[in-house]
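Peer 1: need the 3D shape of this:
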Amino acid sequence: MDERRVEFSEGEAGAEAIIVALIPYRITVLWQTWWQQHFLLVVLACVCAVAFIFGSLAFGIWFTWGHRQQALNPYKPVDAVVPEQELQPL
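Peer 2: Sure thing, here's the model as predicted:
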């Protein structure tokens, strides 16, 4: 008896057709390559990776831009009230 083929007696010939009709997907999968079986998963993984990279870049640019704007003008005008002056008694 072959591993992929089940032999039936003459009375059970109709049962073979039923079994083949019930498992056509499994037989098809046996003949598909790895890429054919996992193509959708690979595409989704690539899309997620690209989205993560662009999201990380966007966040990094936004975060760096915000801190750069604060660092460009660290000085305050002479008459500006700073927190230390607010706490001193008059």
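Peer 1: where's His67, which helix or strand?
Peer 2: helix 34-72 (DSSP states H and E).
Peer 1: mean confidence for that helix?
Peer 2: Taken as a whole, helix 34-72 has a mean pLDDT of 89.
Peer 1: buried set for it?
Peer 2: Residues of helix 34-72 classed as buried by neighbour count (16 or more other Cβ atoms under 10 Å): none. All C-beta spots, glycine's among them, are computed from the backbone N, C-alpha and C.
Peer 1: count the neighbours of Asp79 for me.
Peer 2: When neighbours are counted by other Cβ atoms under 10 Å, Asp79 registers 5.
Peer 1: can you tell me how far Gly55 is from Ala49?
Peer 2: 11 Å (Cβ to Cβ, to the nearest Å).
Peer 1: sorry, that was for Asp79
Peer 2: 53 Å.
Peer 1: give me the three-state assignment for Lys76.
Peer 2: Each residue gets one of three states, and Lys76 gets coil by DSSP: H, G, I helix; E, B strand; the rest coil.
Peer 1: please begin residue numbering at 205 from this point
Peer 2: Sure, I'll start counting at 205 from here, so that last one is Lys280.
Peer 1: burial check on it, number of neighbours?
Peer 2: There are 9 residues near Lys280, going by other Cβ under 10 Å.
Peer 1: next one: the one 4 residues further on
Peer 2: Other residues near Ala284 come to 8 when the count uses other Cβ under 10 Å.
Peer 1: now do the same contact list for it.
Peer 2: Going by Cβ atoms under 8 Å, 6 or more residues apart in numbering, Ala284 touches no other residue.
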